[in-house]
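S.K.: structure of the sequence below:
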Amino acid sequence: AIKGIANLAAGSGSSAQQASTAMYQLSQAIAAGRVNLQDWNSVVNAGMGGKLFQDALKETARSMGAVIDETQSFRDSISDKDGTGWLTSDVLLTTLQKFANDPSLLQAATQVKTFTALIDTMKESVQSGWSGIYRTKFK
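M.R.: Numbers count the residues shown, from 1 in each chain. You can find the predicted model right below:
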């Protein structure tokens, strides 16, 4: 799920911080068993709730036997009042697993497109290196 979110973030042009925020919220949704509107809003606010993710979730849900009312907007379709929405944690996890292995998203995740992204990548690399040193040194 984490790799899928990271790849989706890269494909959507979101930062590592935005991906982290979305993953935190989605982990709560996974624990609850379904994605509600508040969870989805955090994904949208992180810049990752676009058509790519929406269509992939719907496709996964349909393949798992869910019926989605296409007369409603995406937001309305997941905010049903009875709590039996189609966007379950199984649908979410299956979709994120597909994103983890999607070639175009993998490519987006491994390419640095902006100077800011380059700096972020370098910071993460340095932090990972230091954490490895601390783990080794202070075991």
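S.K.: list the buried ones in stretch 23-35?
M.R.: 23, 25-26, 29-30, 34-35 (16 or more other CB atoms under 10 Å). The C-beta positions use only the backbone N, C-alpha and C, and glycine is treated the same way.
S.K.: now, which of these lie within helices?
M.R.: If you go by DSSP state H, those have 23, 25-26, 29-30 in helices.
S.K.: what does the helix or strand hosting residue 59 rub up against?
M.R.: Assessed by DSSP states H and E, residue 59 sits inside helix 51-63. With CB atoms under 8 Å, 6 or more residues apart in numbering as the test, helix 51-63 has contacts from 8, 11-12, 43, 68, 74, 86-88, 91-92, 94-95, 98-99.
S.K.: what's the answer for stretch 99-113, then?
M.R.: 1, 3-11, 13, 56, 118, 121.
S.K.: most neighbours of all the residues you listed, which one?
M.R.: residue 8 (30 neighbours; other CB atoms under 10 Å).
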